[in-house]
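> Predicted model, plus sequence, below.
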Amino acid sequence: MTDEEHMAEVVPLARPRAERAAAADGGAPSAPMLDIRSLTAGYGGGAVLHGIDLTLPRGGVLAVVGPNGAGKTTLLHAVAGLVTPSGGSIRIAGTDVTGKPPHIVARVGTAIVPQGRRVFASLTVEQHLRLAERAGTKRRAWTPAARAAARARVAGPVWTRADVVRLLPRLGERHSHRGGELSGGEQQMLALARALLLSPALLLLDEPTEGLAPAIAHEIHGLLRTLAAQGLTVLIATPQAALVDGIADDAVYLTSGRAATATGPGTDAGFASALTGARDRADRHA
Amino acid sequence: MDWLDAHLIPALDGVAYGMLLFVVAAGLTLAFGSGGVLNLAHGTVYAMGAYIAADIGDGSWGMLVLALAVGAAAGATSGGVLAVAVAPVARRGHLDQALLTFGIALVGGDMLVSYFGADQRQVAVPKALEDSVTIAGHQYPTYRLAFIGVAALLAGLGYWLLVRSTAGAAVRATTDDPEMVAALGLSPRVVHTATLVVAGALAGGAGVLGAPIITPSPETADTVMLWSLIIVVVGRLGSVLGALFAAIAVGEVQTLGVVLAPDLAPYLLFGAMGIALLVRSGSGILPEFAARARVLATRARALKGGGA
């Protein structure tokens, strides 16, 4: 039995791809999971994104492909609420989350695995999982914004600590180690587990295999393929299309903060050629 | 042995002072770590607790408990008020926030004096704690000894909460990366407000219990604030364990140090702080100095080698 088959078997939530669309309930049922219109965003007054349009259907896995500095992270951060857009709109399952703070966006049903992992250095693996599970299950809504987010919540597949440890057994072995003491691959797994425990409907992944040894990157790749097959809606940023082969079914090529969409069949050759077309269109735009 | 015998009492006093300052400084360092607010009104909350102890306390246990409850509640409330006051300038950086809390400290200090009076107040303690106990042939105030015990208990409980509980994990996570805490759906502002409320309750409670040791007067707020700041800086901003060691060190410098080197008394605390900052590992001044010395030595060797 290969690693991937093993994972597919132990993960309790595995479902055929055909059932994906039914995976997320809540929000406006007909609305796409993520709908971005004319989004402009940047840091300190300078724009990094110049009018991005992007639609991600429920259960879809969309890759944002582009070189360093193209604005991939800014795009994911804008969706997560970590960057405030200067124009345009972001809707999650029909709910407008443009300019909402990150904790509100998270409560609507998103989770982010950020670039560089950003695990909590002083917390043990166990404490990460406990904190994330608590945050994902006991959402106290004290403010009107939090109550509105609770009403708009899109339910994703429910994850418990036992589920993530079954999916990522290494975390079980390292449960008493602090985030700062883990290897890059383990940190990546922890960041993924932290995000999954929020039981998100939309998962944002920012260069999940960056800086990892090939074998570890391959392992992460297998994990993501498992998650994608389960019907999670995923927006994944990557510098090369080849890194998301077998995971993403659509791609957006981002260049200097401008985007063009390619709908690829998900196969290697088709995906690459679709991307080339998209890149050409994006370049003409720029 | 003689030396130990002669200095046992100041050494014990140093522990009592240190534990008292730790309970105050722990809240200060946590609030800074989780919310980035250097709360310069923290000493004022201690003074408020101490005044409450002097006002309510009448030497009975019941009144001591009542004073503790009132002091902690008043401290918690002031923490909440501070969180609300600081929120509008939260994005403007440390200096603006520190300045705001400094203003609140000045106003709060004046209010305390106008309400409680400008005289130094005596604090009545329960009869059972008024006497002295004999330790290795020395008389030592029972209250201070009891205080060391209570403060150690409080410190242990606080540490357990911070390190073992999920709420504590949220506070530490906010210290590490507030954005990622927000991405979990937790409002960093809620975590920060809760930290300020707990820090306020600790300072208010410490004021009540510490009133017989650092007595309430118009200077109390400034003194406690200054010592707490030194503790927080020496123990590294945001580190509770660091604050514990620094607090005991400050307590000892103020008591044992003054006995050992009376001539240097006015400079001891700041001298010790300077040395601690220089020696401290990491990106301190000494490692940089050492690195530069190594570069110079390498160059000198290269020059020598070139000349030969």
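Looks like it arrived, so ask away. These figures come from a predicted structure and were not determined experimentally.

> Could you list the low-pLDDT ranges of chain A?
Within chain A, the stretches with pLDDT under 70 are A:1-28, A:259-286.

> Show the residue spans covered by the helices in it.
Secondary structure of chain A, counting by DSSP state H: helices at A:3-10, A:72-80, A:102-108, A:125-137, A:144-152, A:161-167, A:169-173, A:184-196, A:214-229, A:268-285.

> Quick one: residues contacting A:Ala70.
Contact partners of A:Ala70, counting by C-beta atoms under 8 Å, 6 or more residues apart in numbering or on different chains, are A:Leu254, A:Thr255, A:Ser256, A:Gly257. Placement of C-beta: from N, CA and C, glycine included.

> and the residues you listed as TSV, adding neighbour count?
Putting the contacts of A:Ala70 into TSV (neighbours: other C-beta atoms under 10 Å in any protein chain shown) gives the following:
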residue	neighbour count
A:Leu254	26
A:Thr255	19
A:Ser256	16
A:Gly257	23
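
> mind checking the end-to-end distance for stretch B:24-44?
Stretch B:24-44 has an end-to-end distance of 11 Å (C-alpha to C-alpha, to the nearest Å).

> Show me how far it is from its chain's centre.
9 Å (C-alpha atoms, centre = their mean, to the nearest Å).

> still on that earlier bit, of the contacts of A:Ala70, which is the nearest to B:Val163?
Lowest distance from B:Val163 to those (C-beta to C-beta) belongs to A:Leu254, with 42.4 Å.

> Just the contacts of A:Ala70: which are in strands?
Members of the contacts of A:Ala70 lying in strands (criterion: DSSP state E): A:Leu254, A:Thr255.

> export the helices of chain A to JSON lines and tack on distance to chain B and mean neighbour count?
What follows is the helices of chain A, written out as JSON lines (distance: least, C-beta to the nearest C-beta, whole Å; neighbours: other C-beta atoms under 10 Å in any protein chain shown):
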{"stretch": "helix A:3-10", "distance to chain B": "25", "mean neighbour count": "14"}
{"stretch": "helix A:72-80", "distance to chain B": "6", "mean neighbour count": "25"}
{"stretch": "helix A:102-108", "distance to chain B": "4", "mean neighbour count": "26"}
{"stretch": "helix A:125-137", "distance to chain B": "4", "mean neighbour count": "22"}
{"stretch": "helix A:144-152", "distance to chain B": "8", "mean neighbour count": "15"}
{"stretch": "helix A:161-167", "distance to chain B": "12", "mean neighbour count": "18"}
{"stretch": "helix A:169-173", "distance to chain B": "16", "mean neighbour count": "16"}
{"stretch": "helix A:184-196", "distance to chain B": "7", "mean neighbour count": "24"}
{"stretch": "helix A:214-229", "distance to chain B": "18", "mean neighbour count": "18"}
{"stretch": "helix A:268-285", "distance to chain B": "28", "mean neighbour count": "16"}
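
> Can you tell me which of those helices is nearest to B:Gly137?
helix A:125-137 (47.7 Å).

> Export the helices of chain A as TSV, with columns for distance to B:Thr174.
Listed next are the helices of chain A as TSV, based on distance: least, C-beta to C-beta, whole Å:
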stretch	distance to B:Thr174
helix A:3-10	33
helix A:72-80	17
helix A:102-108	11
helix A:125-137	10
helix A:144-152	17
helix A:161-167	21
helix A:169-173	22
helix A:184-196	14
helix A:214-229	27
helix A:268-285	39
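
> looking at these, which is closest to B:Thr77?
Of all the helices of chain A, helix A:144-152 sits nearest to B:Thr77, with 23.5 Å by C-beta to C-beta.

> What lies in contact with that closest one?
Taking C-beta under 8 Å, 6+ apart as the rule, helix A:144-152 contacts A:26-27, A:92-93, A:95, A:100-101, A:103-105, A:107-108, A:139-141, B:187.
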